[in-house]
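# Here's a sequence, model it:
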Amino acid sequence: MEQTELVFIPFPIIGHLTSALEIAKLITQRDPRFSITIIIMKFQFESIDGMDTDSDSIRFVTLPPVEVGSSTTPSGFFLSELLKAHIPVVRDAIHELTRSNSVRLAGFVIDMFCTHMIDVADEFGVPSYLFFTSSAAFLGFLLHLQFLHDYEGLDFNEFKDSDAELDVPSFAISVPGKVFPSRMFDKESGGAEMLLCYTRRFREVKGILVNTFIELESHAVRSLSGSTVPKVYPVGPILNTRMGSGGCQQDASAIMSWLDDQPPSSVVFLCFGSRGTFGADQIKEIAYGLEHSGHRFLWSLRQPPPKGKMDFPIDYESIEEVLPEGFLHRTARIGKVIGWAPQVAVLAHSAVGGFVSHCGWNSLLESVWYGVPIATWPIYAEQQINAFQMVKDLGLAIEIKIDYNEDSDYVVSAHEIENGLRNLMNINSEVRHKKKEMQKISRRVMIDGGSSHFSLGHFIEDMVANIPCQKQRRDT
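Residues are numbered from 1 along each chain as shown. Here you go, the predicted model:
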């Protein structure tokens, strides 16, 4: 029997890989005709251990390492060149996959940062689809700014360090320049041109899967239904909600045991993603803000890698050294400072009543899924515009900051943090009520009859219709 194969090419960082694996599982569960090969590229500065699947219809192919020049900082140009350098090994992997006459290649599903691989799909005569791991609003933002830049001569620097705002069709209100991704102003290392190149190629694919749902981003999804944009399929929330993934199980057990002893919805959880760290001055302000708020807290605090080195944060050997003197003693009855955190398990725990987050899109979706209100503290990438959307556009989050950036010298004061925490933990707030309602909706959209369930089915139907009639050439 002929096997219909999809090739997934995710960007090799854990948040993107996890989402790709989860959507792959949903596709193979919905239509057993499909099997999926996930191509794993390995970057020297990224750890992607622990990826596995219990599905016979999904397999991983890990590519041999590819080196480009001698760069210590992966700027826009470096990352782009590194991805391009993987084209020959990806091509070889697909050749090996299609060597059997029983395999029919249906297409490529590529990550938003892997658009170079559209060329490989073209060589094999199959369509490409984009998997966009952030919001529909951010997708619309990128497409709109690329259009304004290419056809109306927009200079992004007009918005740098400025109060200027831009009307963006995918947002219900104007977007201030202060929440634009910092890479848009990064000409020297190629960040702006990298984003533009990727976004131009979004328009070449047959369809775009977005990790969102219509009820969460109705305005943004409707704005993307024009003829100049490939068809958009909102298929989220795509989440890995398994509790035991990653980290140290001994540490996780101690954390969960501590939460078990706390009253319902009483704990503020502070966690800033796999790369979120702060300097000494900011750490002290967070500590004072927590202490003065009086709220129970669980704080994931991690040590940054050496300056100039692309690596992950690690746990502090002696956490007391970076905290105000006596802080741990004074807050021992109400707080716990930890290193790595099992974020999904913590958010699922009934003791957690608020989440101070860096506003990565996966974390925002997890907060919706578990109905935990968020206070925004973005750090890098598109997190500032995510924070803006949640606070100002959707009214689903409390603001501590929406324009904080890791490259800035600004220190958020203990007073700002304390106020944000008090607003976050207000049990009668409109944000808390709206979040609980959105939680119920997020569970419904994924089951039969739900909007994302329908959208995924529509994608599968369209994908089947787009499969080339003749076998792909074996000597491409």
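# so where do the helices sit in the stretch 1-150 of the chain?
Ranges of helices in the stretch 1-150 of the chain, per DSSP state H, counting those that start in this stretch, are 14-30, 76-85, 87-97, 118-123, 136-152.
# Now tabulate the ones you listed in a markdown table and tack on mean pLDDT, distance to residue 409 and mean neighbour count.
In this view, the C-beta of every residue, glycine as well, is placed from N, C-alpha and C. Compiled in a markdown table, the helices of the stretch 1-150 of the chain are given as follows (pLDDT from 0 to 100; distance: least, C-beta to C-beta, whole Å; neighbours: other C-beta atoms under 10 Å):
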| stretch | mean pLDDT | distance to residue 409 | mean neighbour count |
| --- | --- | --- | --- |
| helix 14-30 | 94 | 27 | 20 |
| helix 76-85 | 79 | 23 | 18 |
| helix 87-97 | 94 | 40 | 17 |
| helix 118-123 | 97 | 40 | 18 |
| helix 136-152 | 97 | 26 | 20 |
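# which one of those helices lies closest to residue 288?
For residue 288, the closest of these is helix 14-30, at 30.9 Å, according to C-beta to C-beta.
# Tell me which of the helices of the stretch 1-150 of the chain lies nearest to residue 237.
Closest to residue 237 of the helices of the stretch 1-150 of the chain, according to C-beta to C-beta: helix 14-30, at 9.5 Å.
# The closest one packs against which elements?
strand 3-9, strand 34-40, strand 58-62, strand 103-111, strand 128-132, helix 361-370, helix 451-466 (3 or more C-beta pairs under 8 Å, 6 or more residues apart in numbering; DSSP states H and E).
# on contacts alone, who are the packing partners of the third one?
This means strand 58-62. helix 14-30, strand 34-40.
# ok, that strand: who's next to it in the sheet?
Strand 58-62 has the following sheet partners, assigned by DSSP bridges: strand 34-40 (parallel).
# Point out where the stretch 251-400 of the chain drops to low pLDDT.
308-311 (pLDDT under 70).
# mind listing the helices for it?
In the stretch 251-400 of the chain, the segments counted as helices under DSSP H, counting those that start in this stretch are 280-293, 327-330, 343-348, 361-370, 383-388.
# looking at these, which is buried most?
Most buried of the helices of the stretch 251-400 of the chain by mean neighbour count (mean count of other C-beta atoms under 10 Å) is helix 383-388; its value is a mean of 27.
# Can you name the residues in contact with that helix?
The contact list for helix 383-388 (C-beta atoms under 8 Å, 6 or more residues apart in numbering) reads 134-135, 137-138, 141, 175-176, 178-181, 358-361, 364, 376-378, 397, 399, 401-405.
# Burial-wise, tell me which of the helices and strands packed on helix 14-30 comes out on top.
Each of the helices and strands packed on helix 14-30 was scored by mean neighbour count; the highest is strand 128-132, a mean of 25, by mean count of other C-beta under 10 Å.
# Show me what that one pairs with in its sheet, parallel or antiparallel.
Applying DSSP bridges, strand 128-132 is found paired with strand 103-111 (parallel), strand 207-210 (parallel).
# how about the helices and strands packed on helix 14-30 in a markdown table, adding distance to residue 304?
Converted to a markdown table, the helices and strands packed on helix 14-30 look like this (distance: least, C-beta to C-beta, whole Å):
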| stretch | distance to residue 304 |
| --- | --- |
| strand 3-9 | 30 |
| strand 34-40 | 27 |
| strand 58-62 | 29 |
| strand 103-111 | 26 |
| strand 128-132 | 29 |
| helix 361-370 | 19 |
| helix 451-466 | 37 |
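# Nearest approach to residue 346 belongs to which of these?
Using C-beta to C-beta, these put helix 361-370 closest to residue 346, at 9.3 Å.
# ok and the closest one relative to helix 14-30, angle-wise?
Comparing the axes of helix 361-370 and helix 14-30 via axes from the mean of the first three to the mean of the last three C-alpha atoms, to 10 degrees yields an angle of 60 degrees.
# To residue 425, which of the helices and strands packed on helix 14-30 lies closest?
Taking C-beta to C-beta as the criterion, helix 361-370 is the member of the helices and strands packed on helix 14-30 that comes nearest to residue 425, at 14.4 Å.
# CA-only coordinates of that closest one in PDB, if you can.
The C-alpha coordinates for helix 361-370 follow below in PDB (Å, rounded to 0.1, in the frame of the first residue of the first chain):
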ATOM      1  CA  TRP A 361       3.500  32.700  22.500                       C
ATOM      2  CA  ASN A 362       3.600  29.100  23.900                       C
ATOM      3  CA  SER A 363       3.500  30.400  27.400                       C
ATOM      4  CA  LEU A 364       0.600  32.700  26.700                       C
ATOM      5  CA  LEU A 365      -1.400  29.800  25.200                       C
ATOM      6  CA  GLU A 366      -0.600  27.600  28.200                       C
ATOM      7  CA  SER A 367      -1.900  30.400  30.500                       C
ATOM      8  CA  VAL A 368      -5.100  30.400  28.500                       C
ATOM      9  CA  TRP A 369      -5.400  26.600  28.600                       C
ATOM     10  CA  TYR A 370      -5.100  26.600  32.400                       C
END
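# Distance of residue 42 relative to residue 89?
Noted for residue 42: a distance of 11 Å to residue 89, by C-beta to C-beta, to the nearest Å.
# what touches both of these two?
What both residue 42 and residue 89 touch, as defined by C-beta under 8 Å, 6+ apart, is the set residue 63.
# right, and the helices of the stretch 1-150 of the chain - which one's nearest residue 339?
Relative to residue 339, the nearest member of those by C-beta to C-beta is helix 14-30, separated by 16.8 Å.
# So what touches that closest one?
With contact meaning C-beta under 8 Å, 6+ apart, helix 14-30 is reached by 6, 8, 10-11, 34-36, 38, 40, 46-48, 51, 53, 55, 57-58, 109, 111, 113, 131, 133, 209, 211, 235, 238-240, 246, 274, 360, 362, 456-457, 460.
# Apply 6 Å and report the result again.
8, 10, 34, 36, 48, 51, 55, 57-58, 111, 133, 211, 238, 240, 362 (C-beta atoms under 6 Å, 6 or more residues apart in numbering).
# wait, which of those residues is closest to residue 416?
Of the contacts of helix 14-30, the one sitting nearest to residue 416 (C-beta to C-beta) turns out to be residue 362, at 25.6 Å.
# quick one: that closest one from residue 173, how far?
Per C-beta to C-beta, residue 362 is found 24 Å from residue 173.
# Could you do residue 114 as well?
In this view, residue 114 and residue 173 are 32 Å apart by C-beta to C-beta.
# Now stretch 185-200: buried residues?
The neighbour-count check on stretch 185-200 (16 or more other C-beta atoms under 10 Å) flags 185, 186, 189, 190, 191, 192, 194, 195, 196, 198, 199, 200 as buried.
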